[in-house]
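# Below are the sequence and a predicted model for it; my questions follow.
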Amino acid sequence: MAVTKYDPSSVSLFAPSSFRMLEDTLNRFFTEPTSSRPWSPAVDIAETENELVLKADLPEMKLEDLDIQLENGTLTLKGERKFEKSDKDRGYHRIERSYGSFVRAFSLPDYADAEKVSADYKNGVLTVTVPKKEVAKPRAIKVSVHQ
């Protein structure tokens, strides 16, 4: 297949390939990250019998660029993933990963034990564990039947 140079003046605006190029351009405009578009890490929240577990994907983030706060029943994750230009000669063709600051806030239920919250950061995944208070844990009640 021969490689040809694209000449925008030679393309009819009504040709099917022109519509595909326009569609691709518009898709990239609305889906590719820009410096002004905020990003938000993906977060999973699971509940077990004894705790709530929150996992956030924070690839290539340094621990010092991450802040976790718990105040008035709200768990807040703040951070910044920085775009590092290490090689000045590198010309990017696409930049699809998002960079910049983010803030995520989660309301904790009343049965969360805020005094015993712990966090672990490993392989780009932040895991925050929020134990439940003893009164919130399910317990079995034996019912006796009298005849």
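It's in. Residues are numbered from 1 along each chain as shown.
# got the residue ranges for the strands in this protein?
Read by DSSP state E, the chain holds these strands, from start to end of the chain: 43-47, 51-57, 66-71, 74-81, 100-107, 118-122, 125-131.
# Take these and lay them out in a markdown table including mean pLDDT.
Converted to a markdown table, the strands of the chain look like this (pLDDT from 0 to 100):
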| stretch | mean pLDDT |
| --- | --- |
| strand 43-47 | 95 |
| strand 51-57 | 95 |
| strand 66-71 | 93 |
| strand 74-81 | 92 |
| strand 100-107 | 91 |
| strand 118-122 | 94 |
| strand 125-131 | 95 |
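# Including mean neighbour count, could these go into a markdown table?
Heads up, the C-betas are built off the backbone N, CA and C, glycines and all. Converted to a markdown table, those look like this (neighbours: other Cβ atoms under 10 Å):
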| stretch | mean neighbour count |
| --- | --- |
| strand 43-47 | 12 |
| strand 51-57 | 18 |
| strand 66-71 | 13 |
| strand 74-81 | 17 |
| strand 100-107 | 14 |
| strand 118-122 | 12 |
| strand 125-131 | 18 |
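# would TSV of these with distance to Arg94 be doable?
TSV is the format used below for these (distance: least, Cβ to Cβ, whole Å):
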stretch	distance to Arg94
strand 43-47	26
strand 51-57	20
strand 66-71	27
strand 74-81	17
strand 100-107	17
strand 118-122	28
strand 125-131	25
